[in-house]
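Q: Here is a sequence together with a model predicted from it:
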Amino acid sequence: MKPRPAPTQDLRRATEEVRQVYADLSLRPIQRDCVRLKECCHFKLTGRTPFLTKGEALLAAKALRASGRREMPEHPAGACPMLDPATGNCIIYESRPFGCRTHFCAAAGGPYPRREVIDLIRRLESVDVGVGGSGPRLLQNAIADALSELKS
Ligand code: SF4
């Protein structure tokens, strides 16, 4: 059975908390600098796809809608669907998921040690539970479902 959509105020609170987690992450004294090389966005090449909690997916879906899109984009080259084929940029960069901020990327300085961000991961997990999520899910599936939930 499909989980019932969370009430609108819960969704709003959830995305505000996710935003705050990202803001708190940016204040961590860990040397890391994403210079938007976008190599990590090419899943077919890297063999790695980020997993998202539901709060992250809702925030990403909201950002996608704010860009004027109502449907899940497709990327012809097996890259992240949030990567605009026309510009080569992430459509939702300011709202990009936690994994996109902490993943393994040698050029950006390597991965965040998990112990340094475990409290933030716990907060994302707590938001996930609060909005009826089922734990981290593949980026494409998580955002597609979040888009559907925002429409309903
Ligand atoms: S959400 Fe944005 S930053 Fe993350 S993999 Fe997709 S295009 Fe790249």
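A: Okay, I see it.
Q: Give me the next element, helix or strand, following the helix or strand bottoming out on mean pLDDT in the chain.
A: The weakest-scoring helix or strand in the chain, judged by mean pLDDT, DSSP states H and E, is helix 43-46 (a mean of 87). For helix 43-46, the following helix or strand on the C-terminal side (DSSP states H and E) is strand 51-52.
Q: quick one: average pLDDT of that following strand?
A: Averaging pLDDT along strand 51-52 gives 96.
Q: Any part of that strand near the ligand?
A: No: counting by CB under 6 Å from any ligand atom, the ligand is not contacted by strand 51-52; separation bottoms out at 9.0 Å. Using the backbone N, CA and C atoms, a C-beta is placed for each residue, glycine as well.
Q: Can you pull the residues of this protein lying near the ligand?
A: So the chain meets the ligand at 40-41, 50, 80, 82-83, 90, 92, 96-97, 100 (CB under 6 Å from any ligand atom).
Q: For the residue nearest the centre of the chain, give me the pLDDT.
A: Note on the chain: the residue nearest the mean C-alpha position is P97, at 2.3 Å, using CA atoms, centre = their mean. On the pLDDT scale, P97 is placed at 96.
Q: Any idea how many residues pack against P7?
A: 10 (other CB atoms under 10 Å).
Q: how much space between it and the ligand?
A: Relative to the ligand, P7 is positioned 26 Å away (CB to the nearest ligand atom, to the nearest Å).
Q: In the protein, spot the helix with the most residues.
A: Counting residues, the longest helix in the chain under DSSP state H turns out to be helix 8-26.
Q: quick one, what contacts the nearest residue to Y93 once chain neighbours are set aside?
A: Excluding its sequence neighbours, the residue lying closest to Y93 (CB to CB, 6 or more residues apart in numbering) is R36, at 7.6 Å. R36 sits next to 89-90, 93 when contact means CB atoms under 8 Å, 6 or more residues apart in numbering.
Q: hmm, which of the residues you listed are the buried ones?
A: Buried residues within the contacts of R36, counting neighbours by 16 or more other CB atoms under 10 Å: C90.
Q: Phi, psi for L138 please.
A: Backbone torsions of L138, given as degrees, to the nearest 10, read phi -50, psi 130.
Q: The residue nearest to it when sequence neighbours are not counted: neighbouring residues, count only.
A: Closest residue to L138 apart from its sequence neighbours, by CB to CB, 6+ apart: T49 at 5.8 Å. Counted with other CB under 10 Å, the neighbours of T49 add up to 15.
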